[in-house]
Each structure stands twice: as C-alpha cells, then as structure tokens.
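K.L.:
Could you look at this predicted model? Sequence included:
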Amino acid sequence: MTGMSMRNYEVIVIGGGHAGAEAAWAAARSGCATALVTMDARAIGRMSCNPAIGGLGKGQMVREIDALGGLMGLASDRAGIQFRMLNRSKGPAVWAPRAQADRDLYAAAVQDLLRGTPGLDILEGIVDRLLVEETQPGGAATGADAVTTGATLRITGVVLQDGRELRARSVVLTTGTFLRGLLHCGPQQTPGGRIGEPAAVTLSDELRRLGFTLGRLKTGTPPRVHRDSIDYRQCAAQPGDDPPVPFSFLTEAICQPQVCCWITHTNERTHQLIRENIHRAPMYSGQIQSRGPRYCPSIEDKIMRFADKASHQVFLEPEGYDNEWIYCNGISTSLPRDVQEPLVRSIAGLENARIVQWGYAVEYDWVPTDQTRVTLETKRVEGLFLAGQINGTSGYEEAAGQGLIAGINAVARVRGTEPLVLGRDQAYIGVMLDDLVTRPPDEPYRMFTSRAEYRLMLRSDNADARLTPIGRRFGLVDDRRWEVFERKQAAIERLSAALAELRHDGKPLAEWLRRPEIRLADVVAAAGGDGAGGPLDLSGVAADVLEAVEIRHKYAGYLERERRLIERHRELESRLIPEGFDFHAVHSLRTEARERFTRFRPRSIGQAARISGISPADIATLALYLK
C-alpha cells in the first residue's frame, strides 16, 4: 500500500458493460456490499455495436433476465425506439422480442438504475492486480504473490493502478473486448477495447500468473453513416409493431414515439469491390489470426463464403432520436478506409452517404470455458467468477444473462449457500451456460432457438412463470414484481378453469381451443358471448393473459410430450458426481474419457453425457461405477 486506505466489500464487479451491470445489480439487490469498478462511469451500459436488444434466442434471454429480476428489460423499455416481435408467422416457441434502442438513453437508463441501488458503490479505476491467497491442504491460508503450481487459490480482492486496495470474498470479472483489445481497420492497428477507449492490459498477465490458459477471439462492427446522407426512396421501410410489446413483465405499455428502420441490399458492384481488395482485409492478409463469429460474419466473409449469392440485406437502423448516426447492420468490415467508402456508396440509397465512423474489427483475450464451472466460478480460484465475452460469447444479451447468474452466485459464495444452476429445461440462459462448460467455443458463441432442445417450454411469453419464483428465492424479485406475477398467474388459472368448465356441443371450450384453426375469439363466440358480459367475459383481461391461455391449450399435447421428455432426462441431471471425484480411478473408462472428464469436471451424469467426444458407453461405465 502507498498510504491509501483499504476498503472492504463483499462482492467486487470489474467492468461496467452489460455483464458487469447485471452482476453488480444482482449482488447489491441481494443485500451484499458491492463495488462496481469501471474505467469510466459514463460508459456503463454503453452499446459498443448495434444499439439493439433481443432477437431470435436473444429476446427470450432478455425476458428471462427480467423474470429473474435483472435490469436489461427495464432499461430496454425505457430506451426502445422501435419494438418488433419476430417470427409471429411461426409458432410461439420461436417468437422473439427485439427493440432498436436509443444508444444514449439506454446507457442513461442502466446508469440510473444502478445509481439508485442501495449498497452499490461505483468506482472509477483500472484493476492492476487480483489478490489471492493459497489454501494449503491443512486449511491454512498464505499470501500468494507467487502462485504455487497446483495450489488451491481463493480470491481476496483487487488492487487498482492508483494503489487503492479493495477487499472482497467474491470478484466478478467482466472485461468484454477490453482484455488486451486490439482494433483493426485495414493495416492500422490501435490498442483498445472499443473505438476511443483504452484496452485492459495487465489483467491478462494476472490471469496467466494465476494459472489460467487464455485464447484470442475476434469480433467486428460496420461503418455508421449520417442519417441526412441517405436516399430513403431507394430503401424499403421496416416499421415496428403497433402497439409495441415491451420486454419487461413490469412495463404496462411503451409510450415513447417509435421510429422506422430501413432495408437495402448489396449488389455485384459491392461484391466485386470486396473481391478485388480481399487481400487488404486483416482476416485474409494474415494480420488477424483469431476466429470471428461464424453466425454474424463480416461482409468480407459473406462474399467469400457465399459466392453464389447476388446480394445481402443491409438494415439501416437509427442509433437514437437525436443521434445523427445510422448503423449499417449487415456490412461489418475491417477493410481499409479507402475501400470502405466506395463499398458503402455502391449500395442502393447510400450513393452519397457520409461515413461518420469507420467499421473495424477487435481482437481480445478470453478464458476458454473448460476452466469455469456452470456457476461461472473458476475452477482455479475460489470466489473468482467470469461473465460475458471473457467466456467466449458475443452479444449484449448473452453477456447480461451470464452477468446476472455470476452476480447471484457470487453472493451465494459469500453467504455459503447453494448456487443457482439453471437447467437446459428451465431457461435459454441454462442452455448457454451448459453449452459453454461442456463444449468450449472456438468462435464467439451466439444464442439461437435451435440450440435449445426444449424450446416450446422456453418461450418468451412464459419466462416469468419459469423463473420469477427462482428470482424471488434469491432475493432479486421485490414485492411489486411478485405482486404483478401472482396477479397474472391467478388470471391465467381463472380463465383456464372457465374454458374447462364451459361447454359447446357437449365438449369443453378448452378442447375446442386445441384445434389449430380455432382462436380464443371463436371460443368466446361459441360460448354465446362477445367477450364482454357473455358466459365467458374477457373484458378487462390483459393481452398477455389471453396469449398465455391460448398457447397453453392450443399446444397442450406438444407441451405434455416435451414434459415427459424432460422428466426422462432429469433423472440423469439429478445423479450428481461428487466434488473432486477422481475419474482416473475408473480404470474401465477409455483414456480419452478419463482425460475429458478430468478436464471439464461435470457436475452430473447428464452434463457428462454432453461433453464432446464422450460416448454412451463411457456414460454407462461411469454411471455403473458411481452406483
């Protein structure tokens, strides 16, 4: 120490992005003294890429975050400037809410919510060191400036660059793309986590000092153009929903004005320009060696991988009410500036576009997730949790979901209580975390509905029914949210009971509603009512209640089939593997299976079965040995 005082907390969160904001919110609202350490408090909640929340798979996770008592849904409803429910033409399993947000309003909403949270201190600073102590086999703790190989480590706090020392029993690390971040725009390379902001350099060395293996990943962003330089007559309008459907189960209605987005397309001239200059793209020149997100490729990757496609969609999305920038979604690029300008201007409607920010790629360090438990606590250091892009994911929603779970479990570590582990049948968040720890990604992980085997159960409309009781148990769901939840569930049960009781042509109305061609309005008419004063009075029944009841009855057979499947698989999940189990003692296992089990440390037979490279015979052998 250099004469500066030491401060004590219970939980410290490093990083103020989407993961860090949720972790700090969860820890403080659970009653723990919490510090959120960030380089710049004005950047908390900042949207590095597209100012949009939700989408396929992602929108379901935002609803889950909200149902658990998180903040992303609340902030999105405050800042959303266009709301759309995607996939309405398909079944409810894949309905996905999405909102274009005002970039500045979103960050302001997150900061406002955090500043109003009792027990949370927001501190500006850069973390220089992670403080740990070694726990010897006899239980004694010693200092750990030099970490002994194979020792058990426990986090005790952090030291900031200015000498401040913060102590805590849990630390959540959420570095985003800042961990040795390096920006690429053509041959130009600039250290940074995002444009105009410095990288976090020393933390990578700290993690290696503590015995972690690090990898390198890449993501990117497109150019932005001035909104007054676009010829909208050549673009297709993409309006939002009327009325807009909010994210949060607490939001009764979206009252702020909604804006229009626009669609245009690349063409052969665009593609030819990229092909002629592909050798100047950092991903193709050899300047970038790391993997980028396959499901959100750069425009260079699209042209080279899908050479048969004559055009690709480009979504022109406003970054805010008063913001003059338009985000060109679909042409993420790290090509040099002298190529980006003609590339943009080759696209219909953008012939005279003025670029206000160039596209760029960013490389950053991450911690491969075979070193992390499904609780997001690291295996190497007790009390150290990782969340967000440091775990190899991409996207605000994936980061926020991890941050919330890491914050909840950081509190559980402090209190010595059972952590929260969401199953694959409980939440998309559970699917994501299970995927990460059983199949560490070799490219940035992105959530899709296709990743969830029980997606009919994991709908966006029923996230509250699935998760709000869990959030209540962990102290995140306050009395107001709980009252709203109970009122909605009671209304669903009343209407469902009425449908079971009232009959038409000798059959319960609930049975009629199961027919694909019959809607709830038809059932009301069959009961002899018009929805207001008849035998089945729907006046005053909330739209989300009507939707929930219709889905429950119309898909009853499919839901029951999925429940039976879940019950069969749940038996494997309940067969826990003892902590510290010696897999090498199971000599009848294949050598590869022993090595993989030892590396991943599965917590149950079910999780062990999902590890890549593991065969049914390996699982049968392990299960028999444990039995």
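P.N.:
Here it is on my side, so go on.

K.L.:
how about Arg599, what does it touch?
P.N.:
By Cβ atoms under 8 Å, 6 or more residues apart in numbering, the contact set of Arg599 is Asp370. Quick note: C-beta positions are derived from backbone N, CA and C, even for glycine.

K.L.:
Next: Glu483.
P.N.:
Taking Cβ under 8 Å, 6+ apart as the definition, Glu483 has no contacts.

K.L.:
what ranges of the stretch 451-600 of the chain fall below the confidence cut-off?
P.N.:
Along the stretch 451-600 of the chain, the parts satisfying pLDDT under 70 run over 528-535.

K.L.:
which residue ranges form the helices in it?
P.N.:
Secondary structure of the stretch 451-600 of the chain (DSSP state H, counting those that start in this stretch): helices at 463-473, 479-501, 509-513, 520-526, 543-554, 556-574, 591-600.

K.L.:
I'd like to know which of these lies nearest to Thr175.
P.N.:
In terms of Cβ to Cβ, the element of the helices of the stretch 451-600 of the chain nearest to Thr175 is helix 591-600, at 23.2 Å.

K.L.:
For burial, what's the neighbour tally of Leu384?
P.N.:
Number of residues near Leu384 (other Cβ atoms under 10 Å) recorded here: 25.

K.L.:
which residues does it bridge with?
P.N.:
Val171 (DSSP bridges).

K.L.:
Which residues are in contact with it?
P.N.:
130, 132, 155, 170-171, 173, 377-378.

K.L.:
Tell me the one among those residues nearest to Ser30.
P.N.:
Ser170 (11.2 Å).

K.L.:
The closest one contacts Gly157, doesn't it?
P.N.:
No - counting by Cβ atoms under 8 Å, Gly157 is not a contact partner of Ser170; they are 10.2 Å apart.

K.L.:
anything in contact with each of those two?
P.N.:
Residues touching both Ser170 and Gly157 by Cβ under 8 Å, 6+ apart: Ile12.

K.L.:
More neighbours: these two, which one.
P.N.:
Using other Cβ under 10 Å as the criterion, Ser170 and Gly157 rank with Ser170 on top: 28 against 22.

K.L.:
about what we covered before: in strands, which of the contacts of Leu384 fall?
P.N.:
Residues from those lying in strands, with DSSP state E as the criterion: 130, 132, 155, 170-171, 173.

K.L.:
Buried subset of these as a PyMOL selection?
P.N.:
Command for PyMOL, covering only those of the ones in strands among the contacts of Leu384 found buried under the criterion 16 or more other Cβ atoms under 10 Å:
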select buried, resi 130+132+155+170+171+173
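
K.L.:
need the ones in strands among the contacts of Leu384 in JSON lines with pLDDT and distance to Met304, can you?
P.N.:
Converted to JSON lines, the ones in strands among the contacts of Leu384 look like this (pLDDT from 0 to 100; distance: Cβ to Cβ, whole Å):
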{"residue": "Leu130", "pLDDT": "97", "distance to Met304": "41"}
{"residue": "Val132", "pLDDT": "97", "distance to Met304": "45"}
{"residue": "Ile155", "pLDDT": "98", "distance to Met304": "44"}
{"residue": "Ser170", "pLDDT": "98", "distance to Met304": "45"}
{"residue": "Val171", "pLDDT": "98", "distance to Met304": "42"}
{"residue": "Leu173", "pLDDT": "98", "distance to Met304": "35"}
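
K.L.:
Name the nearest of the ones in strands among the contacts of Leu384 relative to His553.
P.N.:
When the ones in strands among the contacts of Leu384 are compared for distance to His553 (Cβ to Cβ), Ser170 comes out closest, at 44.5 Å.

K.L.:
need the contact list for the residue nearest to the closest one when sequence neighbours are not counted.
P.N.:
Once its chain neighbours are removed from consideration, Ser170 has its nearest residue in Ala410; the separation is 3.6 Å (Cβ to Cβ, 6 or more residues apart in numbering). Residues in contact with Ala410 (Cβ under 8 Å, 6+ apart) are 11, 23, 27, 32, 170-172, 383, 385.

K.L.:
quick one: which of these has the most company?
P.N.:
Neighbours here are counted as other Cβ under 10 Å. On that basis the top member of those is Ala23, with 39 neighbours.

K.L.:
Look up how far Gly16 lies from that one.
P.N.:
Here Ala23 is placed at a distance of 10 Å from Gly16 (Cβ to Cβ, to the nearest Å).
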